[in-house]
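**Q** Give me a 3D structure for the following:
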Amino acid sequence: MTHPAVTIERRGSSAIVRFDRQGRANAIDFAMMDALTEAARSFEQDSDTAAIVLTGAAGVFCGGMDLRDPAFARLDGMSLNEVRALAECGPRMVRAWASVEIPTIAAIEGPCIGGGLALAAICDFRIAGVAARFAAPEVAVGLNMGWHSVPRLVSLIGEQTTRRLLLLGEQWDSDEALRRGFVDEVSHATAALDAALAMAEVLGSRPPAPTRMVKRQLESIRGSGFAESRLDKDQHALAWLSEDFRRAVARFAKSGS
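**A** This next block holds a predicted model:
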């Protein structure tokens, strides 16, 4: 499927994949997940692109999952198999991005929250604008942290830092995210997208085959984390049916934010 908010732009040997809903805090709905999965898979046979920059709207990378997606209002009428299939959308999306052999760079401006954090974590590099901020509020709205992101975060920032981020709800500005090891660079002088494209040029100047081979070697050493987190889909499906999550969805629907 296609989604009007997901576009692919070519810049020399680099590609920019942008997701921008023009509002709603650039939250990810289920249709956008499917479109981002399709965008990642479009690079499977690509032998020419040197780097992919994944970015959101101009002032907000992603505010997380869109709790106003109509699918949440239909949960009570779904079978267990239908709920599990819906819960697979996010994990399928991040697996598709992790499977891309081309190096990926997340260019992050503004909020990078929840599902946005999980999507950024799956990229090879992360560059933040000076106004970027990071949080994972899933527990606060009655959810587990899904999309295979817990092992990925532990690999990136360590177990205790991940524990503080997810269980205590710590929020980081760009400099703290750099200090914690989540982002590779903070772009103070230029926009995150410009800095990401400059990194993409460096990647493009290097031999492509060994670059992709080494990316795969690093993945195999670290492990994808997919096997370790195979239950997070079912945890998500169960959490969606909880009273805490129902109240959170109701709050979002009432606020209209």
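
**Q** Helices of the stretch 51-200 of the chain, start to end?
**A** 70-73, 80-87, 89-98, 115-121, 149-157, 159-167, 174-180, 192-204 (DSSP state H, counting those that start in this stretch).

**Q** Averaged pLDDT, the shortest one. What do you get?
**A** Over the span of helix 70-73, the pLDDT mean works out to 89.

**Q** Run the chain-centre distance for that helix.
**A** 21 Å (C-alpha atoms, centre = their mean, to the nearest Å).

**Q** Return the per-residue confidence for Arg247.
**A** If you check Arg247, the pLDDT there is 83.

**Q** Which helix or strand contains it?
**A** helix 243-255 (DSSP states H and E).

**Q** So which elements touch that helix?
**A** Contact here means 3 or more C-beta pairs under 8 Å, 6 or more residues apart in numbering; DSSP states H and E; on that basis helix 243-255 packs against no helix or strand. In short, each C-beta sits where N, CA and C put it, glycine included.

**Q** How much space separates the residue of the chain positioned farthest from its centre from Pro70?
**A** The outermost residue of the chain relative to its centre, with distances by C-alpha atoms, centre = their mean, is Gly77 at 28.6 Å. Separation of Gly77 from Pro70 (C-beta to C-beta, to the nearest Å): 12 Å.

**Q** Ok, Arg84 next?
**A** Taken as C-beta to C-beta, the span from Arg84 to Pro70 is 18 Å.

**Q** coming back round to it: to Arg251, which of the helices of the stretch 51-200 of the chain lies closest?
**A** For those, proximity to Arg251 was assessed by C-beta to C-beta; helix 70-73 is nearest, at 12.2 Å.
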